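Engineer: only geometry, no sequence info:
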């Protein structure tokens, strides 16, 4: 009989869990390496050097798309996973373990370094002196220190790891150093190309199983499972079996709903709450975070005299929505006072205060609630069945925050089926809904002296070039409001233009206000016979119905 330590048993379980996946992946990798149907492997020349036994990322992605009949993103993701597990690696070794759909060169890993042939790749416990994998890693690092420092120099994290391993494996460091020297001596007898390939494969193996700091190892198994499905089952006591039977019986009595019906209910709920979601429906009258107008917060505060229509209509969604709203709860309490059932909402409110009150006041609050609502001579006795009253009296012996949970749930259902339905049909709720606020969307208009949208008139045929003279022609007297991006209203007055004129396009004979924007008056020069004055600019008329143009700023529309 062979004895296995707990660590060996855990590694054996981990290996068995990955064996099926590794066998499928390795069978697929062998198809990639097929000399005729696989990925084309060749010797790539770069400048004056030649890189043996490599293939490009473009060939890899094309082969995966054709072999698996998948799209490019999925093929790229699959190739990325194979690379991170350690079945091929990028060349040169300094590149990260990433796959790109370009001319980057990659090389297949030798089967000796495949994950299925190494049962303890994640043994990273330095305090475990008998760890074979730490010994092999120490030999690998020591071997690189004996070779050319420019090509095989250690990185910072590898130097730190070598120092820790020297302290941990100090009892057999001479053996490790001898192994490193022997491997360096044997490597000198290999051919140059074979030496390059073997060195790159060994370095890629340790990059997968001993990644640099901040890089996640793809072969990590996570926390060890305490429960083994295939292990021996513990004997269950009679009490445990009874609890399991009771639990299963409760599960059988639970109502079951089909997935299609649940999805329909979810869609209905989303549609119902869509106008109450500020991310979907614009805030009315305006968004205070954008316009600096706090009207939205004022009309939707906790307690208001006149709530908004959107808020009142939300009370009809459910009783919970009504009770969560402070203003709605006050109106519901006033209605219950008229119905002579005010004690129900008072008991429900006291139970909520008990749940979120101070822990030191739980016992006294429980006794006060019982004496006020559940005692035989209680001044505000509520209507409960005998089973709930007995259960509540048993809970009072050990008072907690949820002593009245069953009684509160029964009162809530009673209000939901009776009082809440009558409240929605009452004249009081209709009166609140009819007198509710209707906030409008605040929009800013560029209104130049009229309440109607302006229209563009044809330009003057005597349009001349803009003159840089400070003397400018102006239109008639104008009073209007100009909306700037800051939201402030500025009154504009100008009294340097002629009187109002009648627009020929106005067939009704109403006076038309014509505005000259950017107009200029050509000054009279010395020695010139020109005495007439030419005005230029764009005329805006409120009496022309043709070619209307909205003057609302595009960023101010919802």
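Structural biologist: Received the coordinates, thanks. If you're wondering where the values come from, they're calculated on a predicted model, not measured in any experiment. Numbering: from 1, shown residues only.

Engineer: Compute the mean per-residue pLDDT across stretch 278-296, please.
Structural biologist: Mean pLDDT, stretch 278-296: 86.

Engineer: Next, the buried residues of it.
Structural biologist: 283-286, 291, 293, 296 (16 or more other C-beta atoms under 10 Å). For glycine as for every other residue, the C-beta is placed from the backbone atoms N, C-alpha and C.

Engineer: and the end-to-end length of that stretch?
Structural biologist: From its first residue to its last, stretch 278-296 covers 12 Å (C-alpha to C-alpha, to the nearest Å).

Engineer: Repeat that for stretch 92-110.
Structural biologist: For stretch 92-110, the end-to-end distance is 16 Å (C-alpha to C-alpha).

Engineer: what do you get for stretch 97-116?
Structural biologist: 19 Å.

Engineer: tell me which residues in it are buried?
Structural biologist: 97, 99-101, 104-109, 113-115.

Engineer: same thing with stretch 193-202?
Structural biologist: 196-197, 199-202.

Engineer: returning to that earlier point: ok, the buried residues of stretch 278-296 vs residue 436, which is closest?
Structural biologist: residue 284 (12.6 Å; C-beta to C-beta).

Engineer: so the closest one sits right up against residue 311, yeah?
Structural biologist: No - contact criterion C-beta atoms under 8 Å: residue 284 and residue 311 do not qualify, at 11.2 Å.

Engineer: Show only the entries of the buried residues of stretch 97-116 found in strands.
Structural biologist: 105-108 (DSSP state E).

Engineer: Between the buried residues of stretch 97-116, which sits nearest residue 179?
Structural biologist: residue 113 (17.7 Å).

Engineer: Give me the mean pLDDT for stretch 20-37.
Structural biologist: 88.

Engineer: Can you name the residues in contact with it?
Structural biologist: 38-39, 41, 60, 63, 67, 82, 85, 87-88, 108, 111, 114-116 (C-beta atoms under 8 Å, 6 or more residues apart in numbering).

Engineer: go on, stretch 331-342?
Structural biologist: Outside stretch 331-342, the residues touching it (C-beta under 8 Å, 6+ apart) are 322-323, 344-345, 419-420, 422-423, 426, 428-429, 432.

Engineer: Same list (the buried residues of stretch 193-202) but as TSV, adding distance to residue 301 and pLDDT.
Structural biologist: Formatted as TSV, those follow (distance: C-beta to C-beta, whole Å; pLDDT from 0 to 100):
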residue	distance to residue 301	pLDDT
196	75	82
197	75	84
199	73	85
200	70	86
201	70	87
202	70	87
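
Engineer: any idea where the helices of the stretch 51-200 of the chain begin and end?
Structural biologist: Taking DSSP state H, counting those that start in this stretch to define them, one finds helices in the stretch 51-200 of the chain at 57-68, 72-85, 132-146, 149-152, 156-168, 173-187, 192-209.

Engineer: Low-confidence stretches in the stretch 351-500 of the chain?
Structural biologist: Counting by pLDDT under 70, the stretch 351-500 of the chain has low-confidence residues at 441-500.

Engineer: residue boundaries of the strands in it?
Structural biologist: Along the stretch 351-500 of the chain, the segments classed as strands by DSSP state E, counting those that start in this stretch run 455-456, 478-483, 489-494.

Engineer: Would you mind finding the longest strand in this protein?
Structural biologist: Per DSSP E, the chain has its longest strand at strand 49-56.

Engineer: which other helices and strands contact it?
Structural biologist: strand 42-46, strand 105-108, helix 192-209 (3 or more C-beta pairs under 8 Å, 6 or more residues apart in numbering; DSSP states H and E).

Engineer: For that strand, list every residue counted as buried.
Structural biologist: Taking 16+ other C-beta under 10 Å as the criterion, strand 49-56 shows 51-56 as buried.

Engineer: Now for the residues you listed: which two are most distant?
Structural biologist: Maximum distance among the buried residues of strand 49-56 (C-beta to C-beta): 14.3 Å, for 52 and 56.

Engineer: sorry, back to before: looking at the buried residues of stretch 193-202, which is nearest residue 142?
Structural biologist: residue 202 (13.3 Å).

Engineer: Against residue 208, how distant is that closest one?
Structural biologist: 11 Å (C-beta to C-beta, to the nearest Å).

Engineer: now swap in residue 333 and tell me
Structural biologist: Following C-beta to C-beta, the distance that separates residue 333 from residue 208 is 68 Å.

Engineer: Residue 404 now?
Structural biologist: 60 Å.

Engineer: neighbour-wise, which of the two wins?
Structural biologist: With neighbours defined as other C-beta atoms under 10 Å, residue 404 and residue 208 compare such that residue 404 has more, 27 against 23.

Engineer: May I have the phi/psi pair for that one?
Structural biologist: Per-residue torsions, residue 404: phi -100, psi 30 (degrees, to the nearest 10).

Engineer: Am I right that residue 255 is in a strand?
Structural biologist: No - applying DSSP: H, G, I helix; E, B strand; the rest coil, one finds residue 255 to be coil, outside a strand.

Engineer: pLDDT at residue 145, what is it?
Structural biologist: 86.

Engineer: what's the nearest residue to it if we skip its chain neighbours?
Structural biologist: residue 154 (6.8 Å; C-beta to C-beta, 6 or more residues apart in numbering).

Engineer: Got the confidence number for that neighbour?
Structural biologist: Residue-level pLDDT assigned to residue 154 equals 85.

Engineer: neighbours of it, just the number please.
Structural biologist: Residue 154: 14 neighbours (other C-beta under 10 Å).

Engineer: switch to numbering from 39
Structural biologist: Sure, I'll start numbering at 39, so the last one becomes residue 192.

Engineer: That one against residue 179, yeah?
Structural biologist: Yes - shown here, residue 192 and residue 179 form a contact pair, counting by C-beta under 8 Å, at 6.5 Å.

Engineer: Pull up the overlap in contacts between those two.
Structural biologist: residue 200.

Engineer: bridging residues for the nearest residue to residue 134 once chain neighbours are set aside?
Structural biologist: Nearest non-adjacent residue to residue 134, counting by C-beta to C-beta, 6+ apart: residue 128, 7.5 Å away. Beta bridges link residue 128 to residue 144, judged by DSSP bridges.
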